[in-house]
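> Here you go, sequence then predicted model.
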Amino acid sequence: MSIGWADIGAGALRAALLFALGGIVAAAFAARYRDVRGLRSARWCALVAFALVVLADAAMIGALVTHDFRLAYVAGNNARETPLFYSVISLWAALEGSILLWTLVLAGATTFVAWRGTRALPRLATTALGILFAMLAFFLLLVTTPAADPFVASPFVPENGRGPNPLLQNNPLMALHPPLLYLGYVLFSVPFAYAIASLILGEGGDRWLVATRRYALVSWALLGSGIVAGAWWSYAVLGWGGYWAWDPVENAAIMPWLTATAYLHSVMVEEKRRLLRTWNLALVIATFALTILGTFLTRSGIVNSVHAFSLSAIGPLLLGYLVAILVVSCGLMLWRSRELADGGSLGAPLSREAIFLFQNVLFVAATVTVLLGTLYPLIAEALGGVQLSIGAPYFDRVQVPIGLALLFLMGVGPQLPWHGASRATLERQFAAPALAAAAGAALALGSGMRGAAPVLTYALAAFVAATVVQEVVRGVRARRVLHGEPAAHALAALFRRSGRRYGGYVVHLGIALIAVAIAASQAGAVEVERTLSPGGAMQVGQHEIRLDALSEVQEPQRRRVIADLWVAGPGGETRLSPSFAFYPNATQPVGSPGISAGPADDVYAILAAYDARGKAWATIRVRVIPLVSWLWVGGLVIGVGAVIAALPPPRRREVHLPAIAAEAAAGAE
Amino acid sequence: MTPARIAILIAFAGVLVAVAAAARPAPAGPEERVERIVAELRCPVCQGLSVADSPSASAREMRDLVVQRVAEGRTDEAIREEFRRSYGDWVFLAPPTQGAGTLMWLLPIALVAAGAGLAWGRARSRAEAAEHDPAPADVQALRARVAREEAADL
Amino acid sequence: MTTPNVAASRRFTLTGRTANLLVIAVLVGLIVVLALGFRRDPRDIRTAVVGKEAPAFRLERLEGTGTVALEELRGKVVVVNFFASWCVPCREEHPALVRAWERYRTSDVVLVGILFQDSVESGRDFVRRLGGTWPTVVDDRGRTALGFGVFGPPETFFIGRDGVIEGRHIGPIDEDTLVRGIETLRRKPS
């Protein structure tokens, strides 16, 4: 028999494992003896391991695309009728494939650090590289043990595979959401590896943090985009008219994002004030540990979730990995606690650094609450045999006040100088934003918002937006005075030269936008359900919906029942076709909503039930959801802000930085 | 009183009034009561979705039962008790405020309070470390310079 | 937990060692909980109704006319089985129910099938095709299932002579489990 995809993939992974192990040795050698040959070997180990993992992933995609059912993974997640696009993205539709993708991203990050990162700060970076190799080796070990081996053969070769999970072959967003999340998760390994390296070397300074600032930012942005894409997917696919359910997998993604957000802010305190060293290390470690914890939660089957992969032996392995990470990190931090002591003290309670600290407290409280809420059903059952549920009503009630407090601090923080401010300054700074907040509250009341939280959200979002505008105006004015530039030029220069700061403000605007979208869509949604005969119509808010026909379509991989709806509203007319899809191997039909998105509101139509025999009636549920589209726009704004913040500033500023000198020195080796 | 302070006070009062106006509980009609109850009931065949959000048949039946009970004039608590009797506390998406669920409600408050206390303590320590800081006049000058530099990003 | 600081009295601080101990204790607790999680099946939901009086029902028969009411069966051991024609495991467990019914039909044991979220036609079709002569009724808008705290078919409840639910089985049941449950209840003095 000829060589199959499985042989190529499994062989490549085993070879990659050898190179990862070799990389550990080479990097350790290079770091210990400052040996260029060691670094050179480590670089090639990384590159070869990466190439081999690429080959393994390609082999899996090859097997999926050619429907090679000799592989258990392909037989379980693919069918002959599966369209090419969904065959390819089935790579991450189930446990083994998703770990394979994870390994690919980790190998890529390791290679990037090996070739680019080690140019500056060779010793720190090489030590970090060794740690990355160790992590890569763990994941390669995982995909070469039976627990998560993606290339295991089927016990028998079926005529046709089971096909991907119907929910996952319903929407192209599935192609976007998991890879973004994995990229975010995995890229955070780099700051973590540098932090650990810094602890091992006993550096005590903030070099690791400066060196990995951009990785942390990019990882944070990708994680955030992945979360928003996931929310969008949930909205567009699951058909319940919502986008966030505080499902364990969503919680697993939001927790590291929360701690990473805290970290991105407290980092500035360390850079400017040389404070909070232990705290920043703890945040990096916590963020990284939470990415692993999230993976563990969703892949061990100990919590019940829409997304949870089936129970498997991978759980204990991941838990062991998590324990190892925590033991090593905490041990190193205790060992180096003397070097980590802060010099100096924090400013007054009304200084920027103090606001960052309060903000950190809120983010950590939010994270711990989400973590405990996710795990509490486990704890309660372990302790007292009590079965209870922790769901959206609980999380909403706890997280909304925290979120509002964070919105408030988001407006306050950027307005306060480091060290502290005088009362007169504060009053001058906050007059305009406070008036904007009042206008926001009035707007919320005027547009019919009810409930304290939504109105307060509008007010605080306006407050935040006003502070951002005020800051930008002030910056532009200062440049005009100092450099005599025209306003547009000054604005561009501001974003180009102080991208980190003004990019951050753009992110703040995106968050404010998301906050408003959440408040409006949660508090202002109207839902009506009617059973209609073809020709019958219903009124929801300002929209009229008519059922024109109920039809049935046979497609290669599924049968669909489609309600043909005509929708008319203030924005014009459109047609929607919510449907039920019947997949041959699924017991339950999969409902797909019909969505007409608009700037003022979305019309979200679901086919709830229908007359299977005569097609004489259909029950249509329509939800009119205000401003929900702005949630995705807000996600985009955050992405743009993150890009602005991550772009390196113009070259001439960096010439004097010591890192460049070190880079030149390393290059001359 | 400076104009800035007056503006802030007026704006603050405005926001307070708006929030208070919006928070005034509207008299709960039967539909609001149904929505309030089903939003907290866990749909038994779903994974963590509420009866309000779930399109499943079981959620539909539960909602119908709540509608009927509200129409019969039962209190919210009696209706919840009926579900608790057959599904236990499991059926509520927010844990009970007594017994095993108490910790979940106290914890966030305790965390924020303890964290804010610690942060406040650290921020306050500046006053005690005042001797390490430059004199107030210098701070003013320095701050002005920092502001200029930050704006111009030198 | 807090230590009064002499230099700065009434300041809320954590000393290094207490903070370390606290963090380590929390992390160890977290790991223990996660490890305990392996022993738990999140799909195994213990039920609130066991040990309580079974909710009363009076439901229309699937075949023919008339009703079946739980209180009329007081004094007998009652096995209530929720099923649906669209439910694959129900089809799997059906032969076990048939055998158990053949064994006990002449005794003081009654098996009641309750059709769950299904059309009457499909239900009749299911029973005619797969056999079974025990009383089968149609649930009224899911009310009985909700009263029993049913998650989804198939589910089987064992009700004692005094009308108290003594046992519950979620998922397809086999003959052994049925017989064991029935025998336990038959032996139990009322």
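Arrived safely.

> List the contacts of the closest residue to A:Tyr610 other than its chain neighbours.
Distance criterion C-beta to C-beta, 6 or more residues apart in numbering or on different chains; nearest residue to A:Tyr610, sequence neighbours excluded, is A:Ala618 at 4.2 Å. C-betas here are computed from N, CA, C, even on glycine. A:Ala618 is in contact with A:531-532, A:547, A:550, A:563, A:607, A:609-611, counting by C-beta atoms under 8 Å, 6 or more residues apart in numbering or on different chains.

> Could you tell me the phi and psi values at A:Ala437?
Backbone torsions for A:Ala437, taken as degrees, to the nearest 10, come to phi -60, psi -40.

> close to chain B, is the longest helix that chain C contains?
Secondary structure of chain C per DSSP state H: the longest helix is helix C:16-37. No: judged by C-beta under 8 Å from any C-beta of the partner chain, helix C:16-37 and chain B are separated, with a smallest distance of 9.4 Å.

> For that helix, C-alpha coordinates in CSV please.
Provided in CSV are the C-alpha atoms of helix C:16-37 (Å, rounded to 0.1, in the frame of the first residue of the first chain):
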residue,chain,number,x,y,z
GLY,C,16,4.5,39.4,51.3
ARG,C,17,4.2,36.1,53.1
THR,C,18,0.5,36.1,53.7
ALA,C,19,-0.1,37.2,50.1
ASN,C,20,2.1,34.3,48.9
LEU,C,21,0.3,31.8,51.1
LEU,C,22,-3.1,33.1,50.0
VAL,C,23,-2.2,32.8,46.3
ILE,C,24,-0.8,29.4,46.6
ALA,C,25,-3.8,28.1,48.6
VAL,C,26,-6.2,29.5,46.0
LEU,C,27,-4.2,27.9,43.2
VAL,C,28,-4.0,24.5,44.9
GLY,C,29,-7.8,24.7,45.5
LEU,C,30,-8.3,25.4,41.9
ILE,C,31,-6.3,22.4,40.8
VAL,C,32,-8.1,20.1,43.2
VAL,C,33,-11.4,21.3,41.9
LEU,C,34,-10.4,20.7,38.3
ALA,C,35,-9.0,17.3,39.2
LEU,C,36,-12.3,16.4,41.0
GLY,C,37,-14.0,17.4,37.8
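
> Get me the contact residues on the stretch 401-550 of chain A for chain B.
A:402, A:417-420, A:424, A:427-428, A:430-432, A:434-435, A:437-438, A:441-442, A:444-445, A:449-452, A:454-456, A:459, A:474-475, A:478-479, A:482-483, A:494, A:497-498, A:501.

> out of those, which are buried?
A:402, A:417-420, A:427-428, A:430-432, A:434-435, A:437-438, A:441-442, A:444-445, A:449-452, A:454-456, A:459, A:475, A:478-479, A:494, A:497-498, A:501 (16 or more other C-beta atoms under 10 Å in any protein chain shown).

> In helices only, show me those residues.
Mapping these onto helices (DSSP H) picks out A:402, A:427-428, A:430-432, A:434-435, A:437-438, A:441-442, A:444-445, A:452, A:454-456, A:459, A:475, A:478-479, A:494, A:497, A:501.

> quick one on the thing from earlier: could you list every helix and strand in contact with the longest helix of chain C?
Helix C:16-37 sits against helix A:277-300, helix A:314-335, helix A:352-384, with contacts defined as 3 or more C-beta pairs under 8 Å, 6 or more residues apart in numbering or on different chains; DSSP states H and E.

> Ramachandran angles for the residue nearest to A:Tyr610?
Here A:Ala618 shows phi and psi, under degrees, to the nearest 10, equal to phi -150, psi 140.

> Over to B:Ser56?
With angles defined as degrees, to the nearest 10, B:Ser56 sits at phi -70, psi 160.

> any idea where the strands of the chain begin and end?
Chain wasn't specified; assuming chain A. Using DSSP state E, the strands found in chain A span residues A:526-532, A:537-540, A:543-554, A:559-569, A:572-576, A:579-582, A:590-592, A:594-596, A:601-610, A:618-626.

> You answered for a different chain; I wanted chain C.
For chain C, applying DSSP E gives strands covering C:58-60, C:67-69, C:77-83, C:109-115, C:136-138, C:155-159, C:165-170.

> Report the angle between the third one and strand C:109-115.
With axes from the mean of the first three to the mean of the last three C-alpha atoms, to 10 degrees as the basis, strand C:77-83 and strand C:109-115 are set at 20 degrees to each other.

> In chain B, where is pLDDT below threshold?
Filtered on pLDDT under 70, chain B yields the residue ranges B:124-154.

> residues from it in reach of chain C?
Residues of chain B lying close to chain C by C-beta under 8 Å from any C-beta are B:44-45, B:57-58, B:61-62, B:64-65, B:83-88, B:90, B:117-118, B:120-122, B:124-125, B:128.

> Now the longest helix of chain C: buried residues?
For helix C:16-37, a neighbour-count test (16+ other C-beta under 10 Å) marks C:23, C:27, C:30, C:33-34, C:37 as buried.

> so which one among these has the lowest pLDDT?
Lowest pLDDT within these is found at C:Gly37 (74).

> Can you tell me how far that one is from A:Ile99?
Distance of C:Gly37 to A:Ile99, given as C-beta to C-beta, to the nearest Å: 20 Å.

> export stretch A:69-86 as PDB, just CAs?
C-alpha atoms of stretch A:69-86 as PDB (Å, rounded to 0.1, in the frame of the first residue of the first chain):
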ATOM      1  CA  PHE A  69     -11.900   8.000   5.600                       C
ATOM      2  CA  ARG A  70      -9.100   5.700   6.600                       C
ATOM      3  CA  LEU A  71      -8.300   8.400   9.100                       C
ATOM      4  CA  ALA A  72     -10.600   8.400  12.100                       C
ATOM      5  CA  TYR A  73     -10.600  12.200  12.300                       C
ATOM      6  CA  VAL A  74     -11.700  12.500   8.700                       C
ATOM      7  CA  ALA A  75     -14.300   9.800   9.100                       C
ATOM      8  CA  GLY A  76     -15.700  11.600  12.100                       C
ATOM      9  CA  ASN A  77     -15.700  15.100  10.800                       C
ATOM     10  CA  ASN A  78     -16.100  15.000   7.000                       C
ATOM     11  CA  ALA A  79     -18.300  13.500   4.400                       C
ATOM     12  CA  ARG A  80     -18.100  13.100   0.600                       C
ATOM     13  CA  GLU A  81     -20.800  15.900   0.300                       C
ATOM     14  CA  THR A  82     -18.900  18.300   2.500                       C
ATOM     15  CA  PRO A  83     -18.000  21.400   0.400                       C
ATOM     16  CA  LEU A  84     -14.300  22.100  -0.200                       C
ATOM     17  CA  PHE A  85     -14.300  25.200   2.000                       C
ATOM     18  CA  TYR A  86     -15.800  23.400   5.000                       C
END
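
> now that stretch: how far from the chain's centre is it?
Per C-alpha atoms, centre = their mean, to the nearest Å, the displacement of stretch A:69-86 from the mean C-alpha position of its chain is 27 Å.

> ok, now stretch A:557-569?
Once both centres are worked out by C-alpha atoms, centre = their mean, stretch A:557-569 turns out to sit 32 Å from its chain's centre.

> Kindly report the same for stretch A:97-108.
So, by C-alpha atoms, centre = their mean, the centroid of stretch A:97-108 is 16 Å from its chain's centroid.

> Can you report the mean pLDDT over the residues of it?
93.

> what comes into contact with it?
If you take C-beta under 8 Å, 6+ apart as the criterion, stretch A:97-108 is touched by A:13, A:16, A:20, A:46, A:49-50, A:53-54, A:56-57, A:60, A:73, A:77, A:90-92, A:132, A:135-136, A:139-140, A:142-143, A:148, A:150, A:178-179, A:182-183, A:185-187, A:189, A:295, A:299, A:309, A:314.
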